[in-house]
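Visitor: My questions are about this predicted structure, shown below with the sequence.
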Amino acid sequence: MEQHGSRQQGRWRLWVLVGVLVLALAALAAACGGDDEAAPETAPAETEAPAETEAPAETEAPAETTEGDGAPIKLGILSDCEGAFGAFYEVDIGGAHMPMIARGATPAGANPTDGLENLPAPGGHPIEIVGYGCADDTPEKAIEETRRLIEQLGAEIMIGPLSGDEGIAVANYAKEHPEVTILNGTSGAQDTTLKVQAPNFFRFNSDGAQWNAGLGDYAYNVLGWRTAAAISDDYSFAYTSAAGFIAEFCAVGGQIPNENRIWPPLNETDYSSYAAQLAEIWDEVDGVFLGVGGAGAIPLLKAMEETIGPIDPQKVVGNLFYGDPVIVQELGDRAVGIASADSMWPDSTDPKATAWLETWDATWPDLAGFAGSVFAYNYNSAAEAMLQALEAVGGDLSDGHAAFREALAGVVLDAPFGQISLDANRQAIQDNFVRILTAEGPVTVWKIPQVAQDFGGTFTAETPPPDRTNPTCEPRELPWAGKAEVITAPEEVLGG
């Protein structure tokens, strides 16, 4: 156990070191200017695309389907090389490459975007990566790059995109282009699968609401909150993320009225007025859910400290960003005790989990520590599902990918952090975890098994999509409320 603890602490330190690099890159990018017009997942800071991410030389598009002996399977991979998540570009591509490496492919260089050699050939059909898409968190650029990969470079299958608004746009593109199959990268807006329902778009990762399963229950029953506020970015992913916390907290008896929901605009840099709004109700609420992500997370917390004073970590909980090492590095000891939630279990001792973490570090030494990131993990899940389905049908993409899609819909991943399957809308069902940040790294306290997108009947195709006022605050029965699987007792971590 001591050796495992040392290994986990070592990974956490590596993760933090990489996080420092990411933060530095983001700061440099911000100094160079930005584009505030679109609606990215977090406030973007424009960066110059690195040389290795430039669009590859265009080739003639092949036939629409892979047919015949030895015909290659054309694959495109779309992520963000610019904007708020540009520094995670290599991590995403590396995640998509891992299942192919496990089947014998070899990295062509130190960076994932250097490409792969000796790619697998399901049924005798060699996979050919036609290009890596370079988006910037905006739906416009995501569609531009999707068109380049598919319509110009001939990709028959695409993995991506990364960000919430991008996902909705690409799912709608898929609906209009039935000749291709798209597997989501890591975008998490609810509408992407619940509302759009493109039959050729598959998402093997949770959405933002699923990622908060357990957190509202934790706030109510462990922290003792009864009334709360929520502050989140004013766009699709943050709506979905806040919806999961609000729906669960209200389901178990809490209250978050609309007047306690604060929505800073995207790309905000000065959160002082929003911190002032929180200060006005600070003594009237028991706690606050933080859903401002990415580049906005640290400025928001600093503004809260300047306006309200030192933040009691048991009076705030956060979405997936608030377990991120970049934020931890910036906040230091002030972050200790804050709980967050998502589908990651980086301190797991399961052999599949430790193998994933160690294999990643050995494969990508320059990206060591990032196997515990949803970016790497979700792109890995998508690529693994793709390969299992291709293997099941012998690489056959004929008949409009019919056999391939049927196999893909039935894939059940025995993934490093738990089983992943799909619902009827091709949306992931998977475990979720609540973690508390400690000085040594995140400690997982609760596991919520196999959370579905309907969130215990809360969300359907007919219910209003998450927005500033939805979901409404209503008590309801949730199948996991009060029944979380305890990994480590929260009281042990909190010290009381």
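Guide: Happy to help now that I have it.
Visitor: Show me what the helix or strand that contains residue 96 is packed up against.
Guide: Take DSSP states H and E as the rule and residue 96 turns out to sit in helix 89-102. Contacts defined by 3 or more CB pairs under 8 Å, 6 or more residues apart in numbering; DSSP states H and E place helix 89-102 against strand 73-80, strand 116-117, strand 127-135, helix 351-363, helix 374-392. Every residue, glycine included, has its C-beta placed from N, CA and C.
Visitor: can you list the residues that contact that helix?
Guide: Residues from elsewhere that reach helix 89-102, judged by CB atoms under 8 Å, 6 or more residues apart in numbering: 50, 53, 77, 79-81, 105, 107, 111-113, 116, 119-120, 127, 132, 134, 159, 162, 185-186, 359-360, 363-364, 367, 370, 373, 375-380, 382-384, 386-387.
Visitor: hmm, back to that, is it possible to get JSON lines of the helices and strands packed on helix 89-102 that adds mean pLDDT, distance to residue 337 and mean neighbour count?
Guide: As requested, these are exported to JSON lines (pLDDT from 0 to 100; distance: least, CB to CB, whole Å; neighbours: other CB atoms under 10 Å):
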{"stretch": "strand 73-80", "mean pLDDT": "97", "distance to residue 337": "31", "mean neighbour count": "28"}
{"stretch": "strand 116-117", "mean pLDDT": "98", "distance to residue 337": "42", "mean neighbour count": "15"}
{"stretch": "strand 127-135", "mean pLDDT": "97", "distance to residue 337": "36", "mean neighbour count": "24"}
{"stretch": "helix 351-363", "mean pLDDT": "97", "distance to residue 337": "24", "mean neighbour count": "16"}
{"stretch": "helix 374-392", "mean pLDDT": "96", "distance to residue 337": "22", "mean neighbour count": "24"}
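Visitor: can you pull the buried residues of stretch 292-310?
Guide: By neighbour count with 16 or more other CB atoms under 10 Å, stretch 292-310 contains the buried residues 292-304, 307-308.
Visitor: So residue 381 versus residue 146, what's the distance?
Guide: Counting by CB to CB, to the nearest Å, the gap between residue 381 and residue 146 amounts to 20 Å.
Visitor: could you show me where the helices are in this protein, in order?
Guide: Under the criterion DSSP state H, the chain contains helices at 2-31, 89-102, 139-147, 164-176, 191-194, 215-221, 236-251, 272-281, 297-308, 325-331, 351-363, 374-392, 398-409, 490-494.
Visitor: most neighbours per residue, which of these?
Guide: Stretch with highest mean neighbour count among the helices of the chain: helix 236-251 (a mean of 28; mean count of other CB atoms under 10 Å).
Visitor: now that one against helix 164-176, angle please.
Guide: Per axes from the mean of the first three to the mean of the last three CA atoms, to 10 degrees, the angle that helix 236-251 makes with helix 164-176 is 110 degrees.
Visitor: CA-only coordinates of helix 236-251 in CSV, if you can.
Guide: C-alpha atoms of helix 236-251 as CSV (Å, rounded to 0.1, in the frame of the first residue of the first chain):
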residue,chain,number,x,y,z
SER,A,236,-24.3,24.8,-23.2
PHE,A,237,-21.8,22.7,-21.4
ALA,A,238,-22.0,24.7,-18.2
TYR,A,239,-25.8,24.6,-18.3
THR,A,240,-25.6,20.8,-18.5
SER,A,241,-23.0,20.6,-15.7
ALA,A,242,-25.0,22.9,-13.4
ALA,A,243,-28.1,20.9,-14.2
GLY,A,244,-26.7,17.7,-12.8
PHE,A,245,-25.8,19.3,-9.5
ILE,A,246,-29.1,21.3,-9.3
ALA,A,247,-31.3,18.4,-10.1
GLU,A,248,-29.7,16.1,-7.5
PHE,A,249,-29.4,18.7,-4.8
CYS,A,250,-33.0,19.6,-5.2
ALA,A,251,-34.0,15.9,-5.5
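Visitor: so what secondary structure elements neighbour that helix?
Guide: By 3+ CB pairs under 8 Å, 6+ apart, helix 236-251 packs against helix 164-176, helix 215-221, strand 228-232, strand 287-291.
Visitor: what does the longest one contact?
Guide: Put plainly, it is helix 164-176. Applying CB under 8 Å, 6+ apart, the external contacts of helix 164-176 come out as 38-41, 78, 80, 135, 137-140, 142-143, 146-147, 160-161, 180, 182, 184, 187-189, 191-193, 196, 198-201, 203, 208, 235-238, 240.
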